[in-house]
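Student: return atomic coordinates for the entry below.
(one chain, ligands or ions: 3)
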Amino acid sequence: RSSDGSLNVQLEAGGTTLLLAGRQASALAYNKEIPGPTLRIRPGDVLKIRLINNLSEPTNLHMHGLHVSPQGNGDNPFIRVDPGTAFDYEYRLPRDHPPGVYWYHPHHHGGVADQVFAGLYGAIIVEDPEATNAGLERILLVSDTTLDPLGDIHPASPMERMLGREGELLLVNGQLNPQLTAPPGDTERWRVINACASRYLRLRLDGQYVRLIGTDSGRLPLPVDTDELFLAPGNRADILVETVTGESVLLAAPYDRGSVRGMAGPGGAAGVPPAAATPVALLRVSGARKTSGTAVPAASEALDLRLSGVAAHRQLTFGTQMGMGMMGFTLNGKRFEPTRTDITASADTVEEWTLLNDSPMEHPFHLHIWPMQVTEVNDRMVKGVRLQDVVNVPANGRVKVRVSFADFTGRSVYHCHILDHEDLGMMGVIEVR
Ligand code: C2O
Ligand code: CU
Ligand code: CU
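Tutor: Ligands and ions are numbered 1, 2, ... in the order given. I've put the predicted structure just below:
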């Protein structure tokens, strides 16, 4: 933290050899570690990041979920940082920025899935001004990858790209099935991030008392008892774990996200049969009882955008297109073109978008900068208000969201967060002015 109150961070993206899942691996990393350094910031902060590109290909940086300007050297996905060069990003968080768990990763179109799968990601915590963290706080950044016999990151086949690649190794903070220990009676705060390129996570921690306090940037007014967390790629969960003596396995339950028409993959996952649950971590709770835990103050109910007037209704259709031997993934029949503006919205208005999935596989829809409120899933009303930046659109299904284009103007993107689909074109450009 420098004298003017800004936070200065240097992130060097580069190739590195490190121990991954107990094996010597050649991967990509920020500052030679997987995951990259955790960024802890507060509402109102100015975060300055120098990104140094020591990769052999272009990259850039995206602050997933942060409500910051997309203009200039802010969270601008059109910036390209060439090998051997550096770029200075500057992010100004509004004073009322929602506290919560976010993450960062590269966003250079065409190389996003490869770079994330190879190790480029890290956690961001926007701290609660009021929470008392007497209990332990843990960040569980869940990612997946596959190592070839020589320890190189497995390059995805055309089929794996179409389905969305899933790794053989499911990692927590870069570790395979880590063992966590805790005393009983504590209330720990866990920040769980799905940083997998394509894998959906259904997480269970049977034997412990788990309450959900937030999803993405949306904080629940009161904690809700939960026995399963559903995280599409890019989603995060903020949970309280009240520890109970014994051993609990954090499990990823199987999930079928569908397949591509005419291309049967087991459950749609590339090479990974979804038949069995995968252990993600082991929690051992033993010893003397602890009594002081984390207390998170009740959040005020967020503004319900259903009560707002709607300035525009739009429909986005998720589809596929065959071309040059490779399947293209489209939104409203078009593949991503950075110079085209697909949606022009007016600043400070609320819009309603219908997300229509015209394909037999699920697509997790992500909009940068402005969070979405889900109002309907497959024609069923959704109760309560929860702001999300990744919203799953079921296979052949339909989801309605409302978005408030408040605070910032500029050009940004929306896309499928199966990163292979994003790289294959399932992305559009929005300009708010
Ligand atoms: Cu997490 Cu546009 O990305
Ligand atoms: Cu994002
Ligand atoms: Cu998709």
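
Student: in the biggest strand by length in the chain, what counts as buried?
Tutor: In the chain, taking DSSP state E as the definition, the longest strand is strand 7-20. Neighbour-count burial for strand 7-20, with 16 or more other Cβ atoms under 10 Å as criterion, is recorded at 7, 9, 11-14, 16, 18, 20. For every residue, glycine as well, the C-beta is placed using N, CA and C.

Student: smallest gap between the stretch 1-150 of the chain and ligand 3, at which residue?
Tutor: Across the stretch 1-150 of the chain, no residue is closer to ligand 3 than A113, which sits at 11.1 Å (Cβ to the ion).

Student: not counting sequence-adjacent ones, nearest residue to the residue of the chain most remote from its centre?
Tutor: Relative to the centre of the chain, the most outlying C-alpha is that of A288, 36.2 Å out, by Cα atoms, centre = their mean. The spatially closest residue to A288, leaving aside those adjacent along the chain, is P183, at 6.2 Å (Cβ to Cβ, 6 or more residues apart in numbering).

Student: gap between that neighbour and ligand 3?
Tutor: According to Cβ to the ion, to the nearest Å, P183 stands 42 Å off from ligand 3.

Student: how much space between the closest residue to ligand 2 within the stretch 201-350 of the chain and D379?
Tutor: With Cβ to the ion as the measure, G234 is the residue of the stretch 201-350 of the chain nearest to ligand 2, at 6.7 Å. Between G234 and D379 the distance, using Cβ to Cβ, to the nearest Å, works out to 25 Å.

Student: residues contacting the lowest-mean-pLDDT helix or strand in the chain, please?
Tutor: Of all the helices and strands that make up the chain, the one with the lowest confidence by mean pLDDT, DSSP states H and E is strand 326-331; it has a mean of 88. Outside of strand 326-331, the residues within contact range by Cβ atoms under 8 Å, 6 or more residues apart in numbering are 158, 161-162, 260, 316-322, 335, 342, 414-416, 421, 424-428.

Student: those also near ligand 3: which ones?
Tutor: For ligand 3, the contacts drawn from the contacts of strand 326-331 by Cβ under 5 Å from the ion are 416, 421.

Student: which of the contacts of strand 326-331 are buried?
Tutor: Neighbour counting with 16+ other Cβ under 10 Å marks 161-162, 260, 316, 318-320, 342, 414-416, 421, 424-428 as buried within the contacts of strand 326-331.

Student: circling back: just the contacts of strand 326-331 that are near ligand 1?
Tutor: Restricting the contacts of strand 326-331 to those within reach of ligand 1 (Cβ under 6 Å from any ligand atom) leaves H415.

Student: pLDDT and distance to T145 added to the buried residues of strand 7-20, as a markdown table?
Tutor: Listed next are the buried residues of strand 7-20 as a markdown table, based on pLDDT from 0 to 100; distance: Cβ to Cβ, whole Å:
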| residue | pLDDT | distance to T145 |
| --- | --- | --- |
| L7 | 92 | 29 |
| V9 | 97 | 24 |
| L11 | 98 | 20 |
| E12 | 98 | 20 |
| A13 | 98 | 16 |
| G14 | 98 | 17 |
| T16 | 97 | 14 |
| L18 | 96 | 12 |
| L20 | 94 | 7 |
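
Student: nearest to N53 among these?
Tutor: Each of the buried residues of strand 7-20 was checked against N53 using Cβ to Cβ; the closest is A13, at 5.6 Å.

Student: contacts only, for the closest one.
Tutor: By Cβ under 8 Å, 6+ apart, the neighbours of A13 are 28-30, 51-55, 59, 106, 115, 120.

Student: returning to that earlier point: hmm, the residue nearest to A288 is touching V285, no?
Tutor: Yes. Counting by Cβ atoms under 8 Å, P183 sits close enough to V285 to count as a contact (7.0 Å).

Student: neighbours around whichever residue of the stretch 251-400 of the chain sits closest to ligand 2, how many?
Tutor: Shortest the stretch 251-400 of the chain-to-ligand 2 distance, computed as Cβ to the ion: residue-wise this is H368, at 4.9 Å. Neighbourhood size, H368 [other Cβ atoms under 10 Å]: 24.

Student: just the pLDDT for it.
Tutor: H368 carries a pLDDT value of 98.

Student: cool, and P221?
Tutor: 88.

Student: my guess is it contacts V296. True?
Tutor: No. The pair P221 / V296 is not scored as a contact, 11.3 Å apart, by Cβ under 8 Å.

Student: what residues does Q71 make contact with?
Tutor: Applying Cβ under 8 Å, 6+ apart, we find Q71 in contact with 408-411.

Student: SS state for Q115?
Tutor: Recorded secondary structure, Q115: helix (DSSP: H, G, I helix; E, B strand; the rest coil).

Student: is it true that it touches H107?
Tutor: No. With contacts defined as Cβ under 8 Å, Q115 does not count as touching H107, sitting 9.1 Å away.

Student: mind listing the shared neighbours of P183 and V285?
Tutor: Once Cβ under 8 Å, 6+ apart is applied, the residues that P183 and V285 both contact turn out to be T243.

Student: ok so, going back, could I get the helix or strand just after the longest strand of the chain in PDB with only the CA atoms?
Tutor: From strand 7-20 onward toward the C-terminus, using DSSP states H and E, the following helix or strand is strand 23-30. Output for strand 23-30, consisting of C-alpha atoms alone and laid out as PDB, is shown next (Å, rounded to 0.1, in the frame of the first residue of the first chain):
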ATOM      1  CA  ARG A  23       4.700 -34.000  -9.800                       C
ATOM      2  CA  GLN A  24       7.300 -31.900 -11.500                       C
ATOM      3  CA  ALA A  25       5.300 -29.800 -14.000                       C
ATOM      4  CA  SER A  26       5.900 -27.200 -16.600                       C
ATOM      5  CA  ALA A  27       3.000 -24.800 -16.300                       C
ATOM      6  CA  LEU A  28       2.200 -21.100 -16.600                       C
ATOM      7  CA  ALA A  29       1.900 -19.000 -13.500                       C
ATOM      8  CA  TYR A  30       1.700 -15.500 -12.000                       C
END
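
Student: tell me how many other residues crowd E137.
Tutor: By the measure other Cβ under 10 Å, the count of residues near E137 is 12.

Student: can you name the residue of the stretch 101-250 of the chain nearest ligand 3?
Tutor: Per Cβ to the ion, the residue of the stretch 101-250 of the chain with the smallest distance to ligand 3 is G164, at 6.5 Å.

Student: list the contacts for the closest residue to that residue other than its chain neighbours?
Tutor: Closest residue in space to G164, ignoring its immediate chain neighbours: S198 at 3.1 Å, by Cβ to Cβ, 6+ apart. Applying Cβ under 8 Å, 6+ apart, one finds that S198 lies in contact with 113, 163-166, 233, 270, 418-420.

Student: that older thread, near ligand 3 too, which of the contacts of A13?
Tutor: Counting by Cβ under 5 Å from the ion, nothing from those sits close to ligand 3.
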